[in-house]
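> 3D, please:
(2 chains)
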Amino acid sequence: MLSRTADHLYWMARYTERAENTVRMLDVSYRMSLLPRNNGNGDDGWGAILAISELTEAFARSGRPLSARDVIDFVVLDRGNPSSVWNCLRAARENAHAVRGTLTAEMWETTNATWLEIRDMTPEKLQATDLGEFFEWVKFRSHLLRGVTFGTMLHDDAFQFVRLGTFLERADNTARLLDVKYHSLLPQHESPTGTTDYYQWGALLRSVSAFETYRHVYRDVITPYKVAELLILNDAMPRSLHACVDEVNDILGQIANLHSAEAARQAGELHAALHYGRMDDIFETGLHPWLERFLERINRLGDRIGDNFLVPVAA
Amino acid sequence: MIADSKMTAAKPYDEMHAADGSVRAHYLGYAEWLAGIPRERIERKRSEADVAFHRVGITFNVYGAEGGKERLIPFDLLPRIIPGDEWTALEAGLRQRVKALNAFLADIYHGQEILRAGRIPADQVLNNAQFRTEMKGVDVPGGLYAMIAGIDLVRAAGADGKGEYYVLEDNLRVPSGVSYLIENRKMMMRLFPDLFSRYRVQPVEHYPDLLLETLRAVAPAGVLDPTAVLLTPGAYNSAYFEHSFLAQQMGVELVEGQDLFVDDDTVWMRTTQGPRRVDVIYRRLDDDFLDPQVFRPDSMLGVPGLMSAYRAGRVTLANAVGTGVADDKSIYPYVPEMVRFYLGEAPILNNVPTYMLREKDDLAYVLDHLPELVVKEVHGAGGYGMLVGPAATRAEIEHFRQLIVAAPEKYIAQPTLSLSTCPTFVEAGIAPRHIDLRPFVLSGGKEIRMVPGGLTRVAMQAGSLVVNSSQGGGTKDTWVVG
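Numbers count the residues shown, from 1 in each chain, chains lettered A, B, ... in the order given. Modelled structure (predicted):
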């Protein structure tokens, strides 16, 4: 298939996944903010949202106060914030439009309808709607696109590039979420194996739809150590780093070309680290440095995929 | 697309009703069906069609409209019906005309016999901006230049009240609209399946199949399993929907210039599995933008080196480069002559009588009769740059007079034809609106083929003669029956 087509499909999926993960984070913070506080540092959650998406500086430049309303507006609707949900859905639709002939009618109509619906959303309108319902809507639209993709698209290379975009983005997003949340929730020098704030850690799990999964897997109280294990190493948990890298590894095997050996090697190396890795070793390295290194490697892999498949230099 | 009834004594020819108001035989079944349908059902079907067209994104980008906004082309639910025998005659005429046009193109880029025979003034051709010297002596597969031609036909009332078809213009560069022809049919079958059990309507949905066969048939000699692609200017082009639709229906890649590159006179596309050779390019990009090394150097849409590969015979362009010289309005008056010269036959299709303003006598006559005539810019297209005398204000006429006097060779003039009408659903009910017809004629391999009928365009405003979609025109499903 055309490299440019693959590129558009890949980014359509990445932007959609990014929009979904962004509202997942917001949803949790929003729900947490509705709970009575016990630690007094009320705005921490919102600062962390910005940190996860590397938007702290851009937000400061916008001159807005660090309030729930402002952070939500900025992250969801701000036209000038390239990773706002609004911009992600616009970019997803534009990428889809550029290759609509490759998409099934249902995929195109889903992406197009999502965009048409959010296009005219303003902070005032958002204020007037139930935020939780709006977050659900974004998630549903992403679920729907993924569903029609699986249900209607020929499982050929085009399909693989859509999936590749989804899982690379998800690996990146989960790692960021864990990195920031983990360290803002766990006071320094406290043991990760001790029990901690049930609601805060429960919220983190819920943001990746893993609350019940945690119970099912561990049948135990929530400890930061096990939360990290679930989101990093458990290959059966669909949003974990291990599960995402499994998929990426598998896809790269299917779309291999003459130049992609290095991409495959990097993915294999990442996969091995997760497949054979142990939580104790990760904590010995330090969770934060380990996750930073992971993000660096997943982004390097993304660049390599771009070079090998999406915008190859002329032969 | 012009014509007006004001200047002719007779009423315009109506496709459905005879002069005495009775329904023509081929519309009787439809009229009977329509009489039994409550108006609300039609209204409901109309909004159903709008929703469906919008959701699927069958839209048209209008140049000049804010930010290249996507707009729906109005779709009218009342079909234009053409009796089978009438179509058979038209089809023969279209074949003949396109064959002659291709012969003309092959000739002027090689021996130029028609010029040497004095049948067309040589300077008309050789000094034409659309004559591409780069194409002189270049051999194209099958000697075919216009593999895809869109011939615009209009119908005017003859003296005896019978409708007479005229060719209004030939479109031999990148004619568009065929996707609407197909989508209109799909929509009609979806909205009114019962109608199709009353009429045996000849199918049109196989057009992409014919097109693919045509493209494969004109591959460079020796290529056994040719790879064809469709080259689009991109997602913001007014006809992007059609490009994407045709590529998908044919199962070929929809490429932009940046997806292709030329190496050693061979054209390649960049794929995820490395470079892949391209043999035939159905390009929906004007000559000027094809290759920045040869034509406009600022073109970002083309492929550097493409012309070199093309001239070397390593890739086929459909249509060929340089076809514009044959559909230019200044050449149009000579097409019947081409039929006689190359085929030795009498032309089947009528040309509209045309005044060439470069000729002194014609110019004098036209300047005296501007309020009755239609004046067109020779290189204009899409309904831009023209004067419809009977509908123009005095100031507009004076403005055009000055333009013509300043550069008469840039204009032609024609009598205002009484363009036929077809009943159309409008706000107030059903009313006649002017229409034209664009059949798409495919040349490649052994025979010239087309799907029955064509795209019927309709001027949605009462009395308007301008059917171009860029000017707010709509479309109808076109039925060839029996």
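
> for the rest of this, base every contact and every neighbour count on C-alpha atoms.
Will do.

> okay, helices next: where are they in the stretch 51-200 of chain A?
Ranges of helices in the stretch 51-200 of chain A, per DSSP state H, counting those that start in this stretch, are A:56-61, A:68-76, A:85-98, A:105-118, A:123-128, A:131-152, A:157-185, A:198-207.

> taking the stretch 101-250 of chain A, what residue is nearest to chain B?
Nearest residue of the stretch 101-250 of chain A to chain B (Cα to the nearest Cα) works out as A:Gly101 at 5.1 Å.

> that residue: what's it in contact with?
By Cα atoms under 8 Å, 6 or more residues apart in numbering or on different chains, the residues touching A:Gly101 are B:Ser244, B:Phe245, B:Ala247, B:Gln248, B:Leu254.

> filter these by proximity to chain A?
Restricting the contacts of A:Gly101 to those within reach of chain A (Cα under 8 Å from any Cα of the partner chain) leaves B:Ser244, B:Phe245, B:Ala247, B:Gln248, B:Leu254.

> hmm, back to that, the contacts of A:Gly101: which two are farthest apart?
B:Phe245 and B:Leu254 (9.4 Å; Cα to Cα).

> phi and psi next, for the nearest residue to B:Val352 once chain neighbours are set aside.
Closest residue in space to B:Val352, ignoring its immediate chain neighbours: B:Tyr166 at 6.1 Å, by Cα to Cα, 6 or more residues apart in numbering or on different chains. Here is the backbone geometry of B:Tyr166 (degrees, to the nearest 10): phi -130, psi 150.

> show me what contacts B:Tyr166?
B:Leu153, B:Val154, B:Arg155, B:Ala156, B:Leu349, B:Asn350, B:Asn351, B:Val352.

> so of those residues, which ones are in strands?
Of these, the ones assigned to strands by DSSP state E are B:Leu153, B:Val154, B:Arg155, B:Ala156, B:Asn350, B:Asn351.

> list only buried entries from the residues you listed.
Buried subset of the ones in strands among the contacts of B:Tyr166 (neighbour count, 16 or more other Cα atoms under 10 Å in any protein chain shown): B:Leu153, B:Val154, B:Arg155, B:Ala156, B:Asn351.

> dump the residues you listed to a markdown table, plus pLDDT.
Shown next, in a markdown table, are those (pLDDT from 0 to 100):
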| residue | pLDDT |
| --- | --- |
| B:Leu153 | 97 |
| B:Val154 | 95 |
| B:Arg155 | 94 |
| B:Ala156 | 90 |
| B:Asn351 | 94 |
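
> out of these, who's nearest chain A?
Minimum distance to chain A across those is 31.1 Å, recorded for B:Leu153 (Cα to the nearest Cα).

> please name the nearest non-neighbouring residue to that closest one.
Leaving aside its chain neighbours, B:Leu153 sits nearest to B:Val167 (4.5 Å; criterion: Cα to Cα, 6+ apart).

> my guess is A:Thr152 meets A:Thr104, correct?
Yes. Under the criterion of Cα atoms under 8 Å, A:Thr152 makes contact with A:Thr104 at 6.6 Å.

> of the two, who's got more company?
Neighbours per residue, other Cα atoms under 10 Å in any protein chain shown: of A:Thr152 and A:Thr104, the larger number sits with A:Thr104, 16 against 13.

> show me the contact partners of stretch A:291-308.
Residues contacting stretch A:291-308 (Cα under 8 Å, 6+ apart): A:7, A:168, A:171-172, A:175-176, A:179, A:259-260, A:262-263, A:266-267, A:270, A:312-313, B:272.

> let's go with 6 Å and repeat that
Contacting residues not belonging to stretch A:291-308 are listed as A:Ser260, A:Ala263 [Cα atoms under 6 Å, 6 or more residues apart in numbering or on different chains].

> list the buried ones in it?
Across stretch A:291-308, burial judged by 16+ other Cα under 10 Å covers A:Leu291, A:Phe294, A:Leu295, A:Arg297, A:Ile298, A:Asn299, A:Leu301, A:Gly302, A:Arg304, A:Ile305, A:Gly306, A:Asn308.

> stretch A:209-219 now?
Buried-residue list, stretch A:209-219, by 16+ other Cα under 10 Å: A:Ala210, A:Phe211, A:Tyr214.

> interface residues of the stretch 151-300 of chain B facing chain A?
The stretch 151-300 of chain B comes close to chain A at residues B:Ala235, B:Ser244, B:Gln248, B:Arg270, B:Thr271, B:Thr272, B:Gln273, as judged by Cα under 6 Å from any Cα of the partner chain.

> one more time with 7 Å, if that's ok
Within the stretch 151-300 of chain B, the positions adjacent to chain A are B:Ala235, B:Ser244, B:Phe245, B:Gln248, B:Asp259, B:Arg270, B:Thr271, B:Thr272, B:Gln273, B:Pro275 by Cα under 7 Å from any Cα of the partner chain.

> would you turn those into JSON lines with pLDDT and neighbour count?
Below are these laid out as JSON lines (pLDDT from 0 to 100; neighbours: other Cα atoms under 10 Å in any protein chain shown):
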{"residue": "B:Ala235", "pLDDT": "86", "neighbour count": "19"}
{"residue": "B:Ser244", "pLDDT": "91", "neighbour count": "26"}
{"residue": "B:Phe245", "pLDDT": "92", "neighbour count": "21"}
{"residue": "B:Gln248", "pLDDT": "90", "neighbour count": "20"}
{"residue": "B:Asp259", "pLDDT": "95", "neighbour count": "21"}
{"residue": "B:Arg270", "pLDDT": "94", "neighbour count": "26"}
{"residue": "B:Thr271", "pLDDT": "93", "neighbour count": "20"}
{"residue": "B:Thr272", "pLDDT": "92", "neighbour count": "28"}
{"residue": "B:Gln273", "pLDDT": "91", "neighbour count": "17"}
{"residue": "B:Pro275", "pLDDT": "93", "neighbour count": "19"}
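
> okay, and which of those map to helices?
The members of those that map onto helices under DSSP state H are B:Ser244, B:Phe245, B:Gln248.

> ok, so of those, who is nearest A:Arg219?
B:Gln248 (51.4 Å).

> ok, and the closest non-adjacent residue to the closest one?
On the basis of Cα to Cα, 6+ apart, the spatially nearest residue to B:Gln248 that is not a chain neighbour turns out to be A:Gly101, at 5.2 Å.
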